[in-house]
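> model the structure of this input:
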Amino acid sequence: MAELDEWTCEYDGLVIGSSDSALSLAQVDGLLALPEIRSSDLALVQRDGLWPGDDYLNGRSVTLTVEVYGKDKAEFSKALNGLQAAFRPGRAEIPLRFRFPGLAAGATAFVKARPRKRSAPLDLNFAYGVCNVAVELYATDPRLYADAPRNVRVSTSPTLPAPVTYFTQQGAIPARPVVNVASAKNPVLIDDVTGYQFGVTYTGAFTVDSAAQTVTTSTGADITGLVTAGSVWPEYAAGDHRIRLTSEDATVQATAVLTWREAWV
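Numbers count the residues shown, from 1 in each chain. Okay, the predicted model is just below:
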């Protein structure tokens, strides 16, 4: 999808905050805040303190305060109707897209959410064509995702040592990419920053799903059992990385394309 203008957001096709819009963003709450933590700590019997358990994230609440205004009654009514239609309740989660400099690396990002509450006063300002509407959205997945996925390509060279590919992972959450490998014989993907390697004893094309920890051939066969001993599933924390690809067939250029969506919380 098209990149949003800075300091705007979009929900169900309704753009808020653009220079020619009757809808202006007055405030956004909940995108920078940490979602509520669900703890599994256990109380110690007859002792001070707790037994530490794992922490998990609950959902995320996002509140948009939107100023609706119009130069006449028709424009005001149209803008308010559009807002009510976009933020209607009783629907599945859809992306709230936004672009705020400094947040999510300054690019367009989104969180999937649905309306849970909407409030606005019917007061003197309303009579003059101005109304502040607070819309509360709730996201069961609290992560913020980059609108555009990242793709990084790394390859071998028939005549030179394995070329190094440099990239920066900007997401705050470590990336676990899908890796599509082609024309390789027993390839090994190496991260020079961490020293971790991931290899598969196989010749041909296959796909590595780092998040699911599976490896499948181009025909769909599961070859996860062919992952070489000592391999670490590809995972890239925020920051700079240098990766290389090796293949035992030096006469053919092997390639690996890493794809992931950067995420923040």
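> which parts of the stretch 1-150 of the chain are strands?
Taking DSSP state E, counting those that start in this stretch, the strands of the stretch 1-150 of the chain run over residues 8-11, 14-16, 23-29, 37-39, 42-43, 50-51, 55-57, 60-69, 94-99, 109-119, 130-139, 144-146, 150-155.
> need those in CSV (columns: mean neighbour count and mean pLDDT).
Any C-beta I mention is one placed from the backbone N, CA and C, and that applies to glycine too. Output for these, formatted as CSV (neighbours: other C-beta atoms under 10 Å; pLDDT from 0 to 100):
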stretch, mean neighbour count, mean pLDDT
strand 8-11, 22, 98
strand 14-16, 19, 97
strand 23-29, 16, 97
strand 37-39, 10, 94
strand 42-43, 9, 95
strand 50-51, 11, 96
strand 55-57, 12, 96
strand 60-69, 21, 97
strand 94-99, 20, 98
strand 109-119, 18, 97
strand 130-139, 19, 97
strand 144-146, 21, 98
strand 150-155, 17, 97
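> quick one: the ones you listed as TSV, columns for distance to Ala263 too.
Output for these, formatted as TSV (distance: least, C-beta to C-beta, whole Å):
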stretch	distance to Ala263
strand 8-11	18
strand 14-16	23
strand 23-29	19
strand 37-39	17
strand 42-43	30
strand 50-51	29
strand 55-57	12
strand 60-69	12
strand 94-99	13
strand 109-119	9
strand 130-139	13
strand 144-146	5
strand 150-155	11
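> minimum distance to Gly225: which of the ones you listed has it?
Nearest to Gly225, of all these, is strand 150-155, at 24.3 Å by C-beta to C-beta.
> other SSEs contacting that closest one?
Secondary-structure packing of strand 150-155 (3 or more C-beta pairs under 8 Å, 6 or more residues apart in numbering; DSSP states H and E): strand 165-169, strand 239-246, strand 255-260.
> average pLDDT across the first one?
Along strand 165-169, the predicted local confidence has a mean pLDDT of 97.
> same deal with the longest one?
The predicted model assigns strand 239-246 a mean pLDDT of 96.
> closest to Val178 out of the strands of the stretch 1-150 of the chain?
Using C-beta to C-beta, the nearest of those to Val178 is strand 150-155, at 10.2 Å.
> chain center to the closest one, what's the gap?
Remark: strand 150-155 is offset 18 Å from the chain centroid, using C-alpha atoms, centre = their mean, to the nearest Å.
> list the contacts of that strand.
163, 165, 167, 169, 175, 177, 189, 243-245, 253-262 (C-beta atoms under 8 Å, 6 or more residues apart in numbering).
> the same query, at a cut-off of 6 Å, please.
Strand 150-155 has contacts (C-beta atoms under 6 Å, 6 or more residues apart in numbering) with 165, 167, 243, 245, 253, 255-260.
> put together a markdown table for the residues you listed, with distance to Gln213 and neighbour count on each row.
Below are the contacts of strand 150-155 laid out as a markdown table (distance: C-beta to C-beta, whole Å; neighbours: other C-beta atoms under 10 Å):
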| residue | distance to Gln213 | neighbour count |
| --- | --- | --- |
| Thr165 | 23 | 17 |
| Phe167 | 22 | 17 |
| Ile243 | 19 | 23 |
| Leu245 | 20 | 24 |
| Gln253 | 27 | 16 |
| Thr255 | 22 | 18 |
| Ala256 | 17 | 25 |
| Val257 | 19 | 16 |
| Leu258 | 15 | 24 |
| Thr259 | 16 | 15 |
| Trp260 | 15 | 23 |
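> excluding sequence neighbours, find me the nearest residue to Thr165.
Val154 (4.2 Å; C-beta to C-beta, 6 or more residues apart in numbering).
> Ala105 now?
Leaving aside its sequence neighbours, Ala105 sits nearest to Gln170 (C-beta to C-beta, 6+ apart; 4.3 Å).
> let me see the domain layout of this structure.
Annotated domains of the chain cover 8-146, 150-264 [automatic domain parsing].
> redo those as TSV? Include distance to Met1.
TSV is the format used below for those (distance: least, C-beta to C-beta, whole Å):
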stretch	distance to Met1
domain 8-146	7
domain 150-264	13
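> nearest to Ala2, out of those?
Here domain 8-146 is closest among the domains of the chain (C-beta to C-beta), at 8.4 Å.
> alright, calling it a day.
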